[in-house]
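Asker: how does the following fold in three dimensions:
(2 chains)
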Amino acid sequence: MSANPGGIRMPVPRRAPASHRVHGPSALSGDFRRFWSLTFTLARTDFKLRFFGSVLGYVWTLVRPLLLFGVLWVFFTKVGHVNNGNTPGEKFYGAQLLGSIVLFTFFAEATGGAVRSMVDRENLVRKIHFPRLVIPSSVVLLALFNLGLNLVVVMIFALASGVRPMLSWLELPLIVGALLVLSAGVAMLLSALFVYFRDIQPIWDVLSQILFYASPVIISIETVVTKLSSTLLHVYMLNPLAVIFQQFRHAIITSNTLSAGQALGSWTALLEPLAIVLGIFIIGFAVFNRAAEQIAENL
Amino acid sequence: MTEHASSAAVSIESVSKTFRLPHQQYSTLKERVLHPLRTTQYDELHAVKDISLEIAEGEFFGIVGRNGSGKSTLLKCIAGIYGVDTGRISIAGRLSPFIELGVGFNMDLTARDNVVINAIMLGLSRRQAKERFEEVIEFAELSEFIDLKLKNYSSGMLVRLAFATAIQVDAEILLIDEVLAVGDAAFQQKCFEEFFRLKREGRTIVFVSHDMYSVERFCNRAMLMERGDMVQLGDPRAIGRAYHKLNFGQLPHEAPVETQTGADGEGTVIAEAWFQNAAGEKVTSASQEESLSMCFEVRIAEDLVEPVFAATLRTELGHTIIVARSDQHAHSIGSFKAGETLVATFGIPNWLTPSRYLLTPSLAREGTGENALALVEDMASIMVHGTSTGGILELPVDVRIERA
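Answerer: Reported below is the predicted structural model:
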């Protein structure tokens, strides 16, 4: 029974550690470093696995939004003549469309992926003690990886179609940040609810489709502003995605299009969708936090 | 934070855990909408019922029980995976977060990636995980296969990889559920040695298993659970017997008379029992094929004519290998006077398979050997080293292959 040569070393246990109570699982427990390294590891692994065995690998992440973009672009500019490029804001319709699609793809991936996440990670949840929030967070982080790469393509496309660098590009982190907070809030809410109600998945599939059409992705805000009454416009702009997408178009693609504030009439009106974003995040966290203790037993 | 002044590493105070199992597995929103007032019907499953227990620092503690007895639930409560309904659990020291081996292993990734991921799950940082990768692979003896995907691994290789990763965890308290079910004999031996090392380092280990052999071998204490209750707590061998009784309604071997001294043999005591090698030296380990003797020393308190000395050799699981008796293996041994001290020696060829064996010496009056004067269970032990062919004995074999 000699010490194993070159074997495993472990630090000798410390003496007389203080006794502490074991609490049940929770959304956030333990140190932040562990939370982050677990979240990052799960997201990284999924990123690696997603295109495992495919020849083109990462290219496929790009192909999906690009294909959707291609179809919509051809249809709405060449066939449908919805946008003929004559109005000032629509000169960069292509870049605007692609940008919005990429942002929406992030939202759809983060939230849609989170729905089943707790159930799919059952083996981890039931066998390891770790902050439960790691799981939906890793789904959102994975979507964020893809968003980062897709945004590079958007910027290349924008520059190629004549967009020039602007000072307002500095708003990008804020815009993406708001979208991230919104997506994380929805992701927490859905992943916790799905454990108890399996109907969440089809419901969310439909809801996110509705959100796609209820946001200025295909149609530009100028069309919306002219078509809708001020009350309806107000309702339309309560959708945080509409505000985020429009501000992206204004700040990144062309300042000729309305900013989110202009579309709403005043900057202060932005507080409403902002409050909705924060509200969803807080509700999402509260629901998840409450469910966290029981999730392992209810899977 | 110190709520316990004792040196208990794990302290469980009247902990209960009940699962509520809805009659219908998944409640749907539609049902909720259609029957808003109907409360869901639940079956209550009392997985753990009011268990109180203290596990001392440095203790190797076993939890045994049949399937569904609540042992894994209790372990998960200690780990903090399940919250408890009543009672409280306190731990002193860092707890390893793993319950089962190879949790989070992904079959589509290589061993290299999986080791790093698994190590991070167990609480190491990415840097530590990468640093210790070589040691893990070396211990698992899988250096040729590090870039092979796990789906191409055999189940034995998977366990080796998982075990090698799991023991990297820097924790004072380890919770282990059902390990060592697979793996070849040589690797199991290695795992056992690793367990002994953990034990020597003073780590606290809570070990859930069906395998009485490993529980009896490693644990200082064990607990038997049945339907959420603690049935028995104490010596692992006693727990092992109770477990077998529970499982099969009987013991794997006839239980010997559990007496230190016979009823009317007041004063006759077995002072010492030991194993010795061919050179007459006392040993606690021996190699195969080197001859071995089972010895014990008795001080008799009465005059005896042709008493029966017996040495029973058992495996740790309790299977009897040999019962050597002076009346069967020796001629007349004569008579002895009260107050004499006698040494009995039973030489055997060492054909034992590598493992640990326990010696039970006994002395009985003339006759069938039933009437024991003194008997001490498992008084001495020996570890046999060598190669194993998988049988329970390594008998000398004369092999001949001829053309008919």
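
Asker: residue B:109 is in contact with residue A:48, correct?
Answerer: Yes: contact status for residue A:48 versus residue B:109: in contact at 7.3 Å, counting by CB atoms under 8 Å. All C-beta atoms are positioned from the backbone trio N, CA, C, and that covers glycine.

Asker: how close does whatever residue of the stretch 1-150 of chain A ends up closest to chain B get to residue A:293?
Answerer: Of all residues in the stretch 1-150 of chain A, residue A:24 sits closest to chain B, at 2.3 Å by CB to the nearest CB. Remark: distance between residue A:24 and residue A:293 (CB to CB, to the nearest Å) = 5 Å.

Asker: state whether residue B:222 is indeed within a helix.
Answerer: No: counting by DSSP: H, G, I helix; E, B strand; the rest coil, one finds residue B:222 to be strand, located in no helix.

Asker: report how many residues lie close to the closest residue to chain A within the stretch 151-300 of chain B.
Answerer: Chain A sits closest to residue B:172 of the stretch 151-300 of chain B, with a gap of 4.0 Å, by CB to the nearest CB. Residues within reach of residue B:172, counting by other CB atoms under 10 Å in any protein chain shown, total 25.

Asker: just to revisit the earlier point, the residue of the stretch 1-150 of chain A closest to chain B: what's it in contact with?
Answerer: Residues in contact with residue A:24 (CB atoms under 8 Å, 6 or more residues apart in numbering or on different chains) are A:293, B:80, B:82, B:83, B:84.

Asker: confirm the fourth one sits in a helix?
Answerer: Read that as residue B:83. No: counting by three-state DSSP, residue B:83 is located in no helix; its state is coil.

Asker: in contact with it, which residues?
Answerer: Contact analysis of residue B:83 by CB under 8 Å, 6+ apart lists A:23, A:24, A:25, A:293, A:294, B:77.

Asker: pLDDT score for the residue of the stretch 1-150 of chain A closest to chain B?
Answerer: The predicted structure scores residue A:24 at 74 on the pLDDT scale.

Asker: now do the phi/psi pair for it.
Answerer: phi -70, psi 180 (degrees, to the nearest 10).

Asker: measure it to residue A:125 for me?
Answerer: Residue A:24 is 13 Å from residue A:125, by CB to CB.

Asker: where does the prediction get shaky in chain A?
Answerer: Flagging of chain A using pLDDT under 70 yields the residue ranges A:1-18, A:30, A:52-53, A:79-90.

Asker: buried residues of stretch B:340-354, list them for me.
Answerer: Residues of stretch B:340-354 classed as buried under the neighbour-count rule (16 or more other CB atoms under 10 Å in any protein chain shown) are B:344, B:346, B:348, B:350, B:351, B:352, B:353, B:354.

Asker: those residues into JSON lines, with extra columns for pLDDT?
Answerer: Shown next, in JSON lines, are these (pLDDT from 0 to 100):
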{"residue": "B:344", "pLDDT": "92"}
{"residue": "B:346", "pLDDT": "91"}
{"residue": "B:348", "pLDDT": "89"}
{"residue": "B:350", "pLDDT": "86"}
{"residue": "B:351", "pLDDT": "86"}
{"residue": "B:352", "pLDDT": "87"}
{"residue": "B:353", "pLDDT": "84"}
{"residue": "B:354", "pLDDT": "82"}
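
Asker: what sits against residue B:234?
Answerer: B:221, B:222.

Asker: at 10 Å instead, please
Answerer: B:221, B:222, B:223, B:224, B:242 (CB atoms under 10 Å, 6 or more residues apart in numbering or on different chains).

Asker: repeat for residue A:158
Answerer: Contacts of residue A:158 (CB under 10 Å, 6+ apart): A:92, A:94, A:95, A:96, A:98, A:99, A:164, A:165, A:252, A:253, A:254.

Asker: rebuild the contacts of residue A:24 as CSV, extending it with distance to residue A:173.
Answerer: Below are those laid out as CSV (distance: CB to CB, whole Å):
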residue, distance to residue A:173
A:293, 35
B:80, 36
B:82, 40
B:83, 38
B:84, 44
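
Asker: quick one: buried ones out of the residues you listed?
Answerer: A:293, B:80, B:82, B:83, B:84.

Asker: for the nearest residue to residue B:396 once chain neighbours are set aside, grab phi and psi.
Answerer: Once flanking residues are discounted, residue B:396 sits nearest to residue B:351: 7.0 Å by CB to CB, 6 or more residues apart in numbering or on different chains. When read as degrees, to the nearest 10, the backbone of residue B:351 gives phi -100, psi 20.

Asker: what's near enough to touch residue B:351?
Answerer: B:288, B:289, B:292, B:321, B:322, B:384, B:391, B:392, B:393, B:394, B:395, B:396.

Asker: again, only this time at 7 Å
Answerer: The neighbours of residue B:351, taking CB atoms under 7 Å, 6 or more residues apart in numbering or on different chains as the test, are B:393, B:394, B:395.

Asker: and of these, the nearest to chain A?
Answerer: residue B:394 (21.5 Å).

Asker: quick check: buried residues in stretch B:373-393?
Answerer: B:373, B:374, B:375, B:376, B:377, B:378, B:379, B:380, B:381, B:382, B:384, B:388.

Asker: does chain A sit close to it?
Answerer: No: counting by CB under 7 Å from any CB of the partner chain, chain A is not contacted by stretch B:373-393; separation bottoms out at 8.6 Å.

Asker: could you work out the end-to-end span of that stretch for me?
Answerer: The first and last residues of stretch B:373-393 sit 31 Å apart, counting by CA to CA, to the nearest Å.

Asker: can you check stretch B:50-63 too?
Answerer: Termini of stretch B:50-63 sit 16 Å apart (CA to CA).

Asker: who are the packing partners of the helix or strand where residue A:107 lies?
Answerer: When elements are assigned from DSSP states H and E, residue A:107 belongs to helix A:93-115. Applying 3 or more CB pairs under 7 Å, 6 or more residues apart in numbering or on different chains; DSSP states H and E, we find helix A:93-115 packed against helix A:59-73, helix A:134-160, helix A:172-196, helix A:200-213, helix A:240-248.

Asker: next, the angle from that helix to helix A:172-196.
Answerer: 30 degrees (axes from the mean of the first three to the mean of the last three CA atoms, to 10 degrees).

Asker: what parts of the stretch 151-300 of chain B come near chain A?
Answerer: Checking the stretch 151-300 of chain B against chain A by CB under 7 Å from any CB, the hits are B:167, B:168, B:170, B:172, B:193, B:196, B:201, B:202, B:203.

Asker: would you agree the first one is in contact with residue B:194?
Answerer: Yes: counting by CB atoms under 7 Å, residue B:194 is a contact partner of residue B:167 at 5.8 Å.
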